[in-house]
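Trainee: heads up, no residue letters with this:
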C-alpha cells in the first residue's frame with residue numbers, strides 16, 4: 001500500500017514512532033477511566049456527588065495547562081523525552097495511589113497531576129511526530145490519535161468488572177437499586193458538572209467497593225510505556241549515567257535529504273534550539289511574529305477555531321448524549337441510552353483507524369474538508385430527526401466517524417502550510433483542550449430544562465462555524481498554493 005520511501009522512513013524511525021504511539025495509548029487510558037469509576041470513587045472518599053464531580057474539572061483544567069506549557073520541553077530531544085518519561089511514569093503512579101486517596105481533595109490533587117502529565121504528553125508527542133515525518137506526518141498522526149481511542153476503549157473494559165452495581169456506601173440499611181446506579185453512572189460519565197442536588201446518596205457507613213483493583217491493573221498495564229520512553233532515551237544516548245546504547249538515529253538533515261528532497265532541507269537545517277514549537281506563551285513573544293504576514297495569524301486562528309468547536313462538541317456530545325436520550329422527547333430506557341457514549345467513542349476509534357490508509361491516498365486538506373462537511377450534514381440531520389431514537393444511534397455513529405480525524409488532519413495541514421516553523425501544534429492542542437473544557441462546563445452548569453436547547457444551539461453553532469471554516473480554509477489554501 002505504501003511506497004518504498006515511506007517504508008524506509010518508518011523503518012528508520014520505528015522505535016520512536018512506536019514509543020510515541022504507546023505514549024498516546026497511556027493518554028487514552030487516563031482520559032477515559034474517571035467517568036465509569038466516579039461513583040466508586042465517591043464511596044471511597046465518602047463525599048457527595050457535587051463534591052466528587054469537581055474532580056473532573058481539576059483534571060480538565062490541568063490538562064489544558066499542561067497542553068499550554070508542554071511545548072517548552074521541546075527545545076531539545078533530551079528535554080522532550082525526559083518530559084514524556086516523567087509524565088507517563090506519573091500516570092502509573094497516579095493510578096497506583098488513587099485507591100489510597102480517601103479524601104476528595106487528595107483525589108482532586110492526584111487528578112490534577114495526571115491532567116498536567118496528559119497535557120504535556122498531548123503536546124510533545126504531536127510535535128515530535130510532526131518533526132520526524134514533516135510532510136509525510138498525516139499518516140502517522142492518524143495512527144497516533146487512533147491509540148487515544150484504543151486506550152479510551154480499554155480503560156472502561158478493565159474497570160467494569162470491579163464497579164459496584166449498588167450503592168457502595170451502606171448506611172442505615174439504605175441501598176440504591178442497580179438501575180438507579182447505572183443511570184447515575186451513565187449521566188456522570190465524561191462530564192465535569194451536573195445538576196445533582198436531587199440525588200442523595202449516603203456518605204457515612206461501610207465502604208464496599210473493589211475499584212482499587214482496576215486502578216492497580218491499569219497502573220501495571222501502563223508501566224511498559226515509561227520503560228519504552230526510557231529505552232528510546234538509552235538508544236539516543238540521552239541517559240547521563242549510562243554510556244552504552246546503539247548509535248543515535250540519523251541526523252535530521254541527512255534523513256530529510258534522503259527521504260524528502262532538498263525542499264525540506266531549507267526547513268530542517270534550522271537551529272533546533274531556535275525556539276520553534278515553544279509553549280503557548282513563548283509563541284506569543286516569538287521572533288517569528290515580527291513581520292509575519294496576515295496569513296500566518298489567520299492560519300493559527302482558523303485551526304484553533306476549528307478544533308475549539310470540534311473537540312468541544314466531542315466532549316459535550318459524549319458527556320450529554322445520555323442526558324438527551326433519557327429526557328423527552330426521546331425517553332429511552334436508561335440501559336439503552338447508556339450504549340450511546342460507547343457507540344460514539346467506538347466510532348471515533350474506528351474512524352481514526354480507517355483514516356490511516358485514507359491519509360496516504362488523499363492530502364490532509366481533502367480529508368479535513370470531507371470531515372467538516374460530514375459534521376455539518378450529520379448535525380443538521382440530528383436536528384431534523386431530533387425525536388427519532390433510531391437516527392440518534394445512526395447520527396451518533398456518523399458524527400463519531402466524521403469527527404475522528406479532524407484533529408490530526410488539521411494539524412498536518414497547518415504545519416505543512418507553515419513549513420514546520422510556527423507554533424501551530426501548541427496552539428492547536430491548547431485550543432482543542434480549551435474547547436473541550438469550556439463547552440463541557442458550559443453545558444454541565446445549566447439546568448436540565450435548558451440542556452436540550454443548549455445542545456441544539458451548540459450544534460447549530462458548530463454547523464455555522466464549520467461552513468465558515470470550510471470557506472476560509474479553501475481561501476487560505478488557494479492563496480498559499482495558487483494553481
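Mentor: In hand now; what should we look at? Model, not experiment: these values are computed from the prediction.

Trainee: residue closest to the middle of this structure?
Mentor: Closest residue to the average C-alpha location of the chain: residue 148 at 6.6 Å, with CA atoms, centre = their mean.

Trainee: what ranges of this structure fall below the confidence cut-off?
Mentor: 1-2, 165-208, 242-292, 419-422, 441, 443-483 (pLDDT under 70).

Trainee: ok, the residue nearest to the centre of the chain to residue 117 distance?
Mentor: 14 Å (CB to CB, to the nearest Å). Every residue, glycine included, has its C-beta placed from N, CA and C.

Trainee: repeat for residue 75
Mentor: From residue 75 to residue 117 the distance is 19 Å (CB to CB).

Trainee: again with residue 440
Mentor: 20 Å.

Trainee: And those two? Which one has more around it.
Mentor: Between residue 440 and residue 117, counting by other CB atoms under 10 Å, residue 117 is the more crowded of the two (28 against 25).

Trainee: and the more buried one, what element?
Mentor: helix 104-133 (DSSP states H and E).

Trainee: Report all helices and strands that that helix contacts.
Mentor: Where contact means 3 or more CB pairs under 8 Å, 6 or more residues apart in numbering; DSSP states H and E, helix 104-133 is packed against helix 14-32, helix 34-45, helix 49-52, helix 54-69, helix 77-97, helix 137-159, helix 406-417, helix 424-444.

Trainee: OK, contacts around residue 111?
Mentor: 34, 55, 58-59, 62, 94 (CB atoms under 8 Å, 6 or more residues apart in numbering).

Trainee: Please read the previous query as pertaining to residue 428.
Mentor: Applying CB under 8 Å, 6+ apart, the residues contacting residue 428 are 303-304, 307, 407, 410-411, 414.

Trainee: if I look at the residue nearest to the centre of the chain, how far off is residue 306?
Mentor: 18 Å.

Trainee: try residue 226
Mentor: 33 Å.

Trainee: One more: residue 437?
Mentor: Counting by CB to CB, the gap from residue 437 to residue 306 is 17 Å.

Trainee: Looking at these two, which is more packed in?
Mentor: For residue 437 and residue 306, the more surrounded residue by other CB under 10 Å is residue 306, and the numbers stand at 28 against 21.

Trainee: Okay, and that one sits in which element?
Mentor: Short version, using DSSP H and E: residue 306 is in helix 294-326.

Trainee: buried set for that helix?
Mentor: For helix 294-326, a neighbour-count test (16 or more other CB atoms under 10 Å) marks 296, 299-300, 302-326 as buried.

Trainee: What of stretch 369-387?
Mentor: In terms of neighbour count (16+ other CB under 10 Å), stretch 369-387 has its buried residues at 369, 371-372, 374-376, 378-379, 381-382, 386.

Trainee: Sort out which of those are in helices and list them.
Mentor: Those of the buried residues of stretch 369-387 mapping onto helices are 369, 371-372, 374-376, 378-379, 381-382, per DSSP state H.

Trainee: Including distance to residue 213, could these go into TSV?
Mentor: Putting these into TSV (distance: CB to CB, whole Å) gives the following:
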residue	distance to residue 213
369	46
371	39
372	43
374	41
375	39
376	44
378	39
379	40
381	43
382	39
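
Trainee: Not including adjacent chain positions, what is the nearest residue to residue 29?
Mentor: Closest residue to residue 29 apart from its sequence neighbours, by CB to CB, 6 or more residues apart in numbering: residue 151 at 4.3 Å.

Trainee: Settle this for me: the one you found is touching residue 24, isn't it.
Mentor: Yes - Residue 151 is within contact range of residue 24, at 7.2 Å (criterion: CB atoms under 8 Å).

Trainee: returning to what we had before: possible to save the contacts of residue 428 as CSV with distance to residue 430?
Mentor: Formatted as CSV, the contacts of residue 428 follow (distance: CB to CB, whole Å):
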residue, distance to residue 430
303, 11
304, 8
307, 9
407, 12
410, 13
411, 12
414, 13
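
Trainee: Would you mind measuring from residue 85 to residue 404?
Mentor: Distance from residue 85 to residue 404, counting by CB to CB: 29 Å.

Trainee: swap in residue 380?
Mentor: Taking CB to CB, one finds residue 380 at 19 Å from residue 404.

Trainee: SS state for residue 332?
Mentor: Classification of residue 332 by DSSP: H, G, I helix; E, B strand; the rest coil places it in coil.

Trainee: quick one: contacts for it?
Mentor: 325-326, 389, 392.

Trainee: Can you give me the neighbour number for residue 220?
Mentor: Residue 220 has 12 nearby residues by other CB under 10 Å.

Trainee: so residue 164, which of the three states?
Mentor: Taking three-state DSSP, the label given to residue 164 is coil.

Trainee: Give me the neighbour count for it.
Mentor: Neighbourhood size, residue 164 [other CB under 10 Å]: 20.

Trainee: Residue 391 is in contact with residue 330, correct?
Mentor: No - using CB under 8 Å, residue 330 makes no contact with residue 391, being 10.8 Å away.

Trainee: Check whether the residue nearest to the centre of the chain really touches residue 30, as I assumed.
Mentor: No - the pair residue 148 and residue 30 fails to qualify as a contact (CB under 8 Å) at a distance of 10.0 Å.

Trainee: any idea which of the buried residues of stretch 369-387 is closest to residue 131?
Mentor: Within the buried residues of stretch 369-387, the smallest distance to residue 131 is 24.5 Å, found for residue 371 (CB to CB).

Trainee: tally of neighbours for residue 350?
Mentor: Each residue near residue 350 was counted by other CB under 10 Å, and the total is 16.

Trainee: so what's it up against?
Mentor: Neighbour list for residue 350: 400-401, 404 [criterion: CB under 8 Å, 6+ apart].

Trainee: And residue 137, how far from residue 162?
Mentor: Distance of residue 137 to residue 162, computed by CB to CB: 39 Å.

Trainee: Which residue comes closest to residue 45 once chain neighbours are left out?
Mentor: residue 104 (4.4 Å).

Trainee: and the helix or strand where residue 232 lies with helix 104-133, angle?
Mentor: Assessed by DSSP H and E, residue 232 sits inside helix 224-235. Here the directions of helix 224-235 and helix 104-133 differ by 40 degrees (axes from the mean of the first three to the mean of the last three CA atoms, to 10 degrees).

Trainee: for helix 224-235, the distance to its chain's centre please.
Mentor: What separates the centre of helix 224-235 from the centre of its chain is 22 Å, taken as CA atoms, centre = their mean, to the nearest Å.

Trainee: got the buried residues for it?
Mentor: By neighbour count on 16+ other CB under 10 Å, the buried set for helix 224-235 is 225-226, 228-230, 232-233, 235.
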